[in-house]
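[1] Need coordinates for the below:
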Amino acid sequence: MTIFEDISKSMNKKIQVCFISHFAYSLFNNVCKVAHGGAELDLYLIAKELSNDENYEISFLVGDFGQKDEERYENIRVKKLVRKSKSKLSIVKKIRGQE
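    Sure, this is the predicted structure:
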């Protein structure tokens, strides 16, 4: 057991992990034909592996390719990130579900 898992269990909370990758959406939805590279694939594979562990809650912020604002693929929540402003605060609000 890692120290993070030990802390999570003692707090009765899941460890929340959010990945941000604009072009990773096509890895979740094969209807989307947007090209992705090795970095997107690496993040996707890490997210898939972590999502198999009940101690983790995984989210993925991806670009807007005409999909719904939020979708679920197995145990991973995939949210469309629309850049409304150049502020980093808008990204933080999106991650927290405040937007």
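[2] contacts, neighbours, all on C-alpha from now
    Will do.
[3] now for the longest helix along the chain, which elements pack on it?
    In the chain, assigned by DSSP state H, the helix with the most residues is helix 38-51. Packing partners of helix 38-51 (3 or more C-alpha pairs under 8 Å, 6 or more residues apart in numbering; DSSP states H and E): strand 56-62, strand 76-80.
[4] Partner strands of the shortest one, with direction?
    If you go by DSSP bridges, strand 76-80 pairs up with strand 56-62 (parallel), strand 70-73 (antiparallel).
[5] from the chain's centre, how far out does the first one sit?
    So that's strand 56-62. 2 Å (C-alpha atoms, centre = their mean, to the nearest Å).
[6] What mean pLDDT does it get?
    Throughout strand 56-62, pLDDT has a mean value of 95.
[7] what sits opposite the residue nearest the centre of the chain in the beta ladder?
    Nearest residue to the geometric centre of the chain (C-alpha atoms, centre = their mean): residue 60, 1.4 Å. For residue 60, the beta-bridge partners are residue 19, residue 78 (DSSP bridges).
[8] isn't it right up against residue 22?
    No - using C-alpha atoms under 8 Å, residue 60 is not in contact with residue 22; the gap is 9.5 Å.
[9] low-scoring stretches of the protein, by residue?
    Where the chain drops to pLDDT under 70, the residues are 1, 4-11, 83-95, 98-99.
[10] follow-up on the earlier one: tell me the most buried of the strands paired with strand 76-80?
    strand 56-62 (a mean of 21; mean count of other C-alpha atoms under 10 Å).
[11] quick one: contacts of that strand?
    The contact list for strand 56-62 (C-alpha atoms under 8 Å, 6 or more residues apart in numbering) reads 14-25, 47, 50-51, 75-81, 95.
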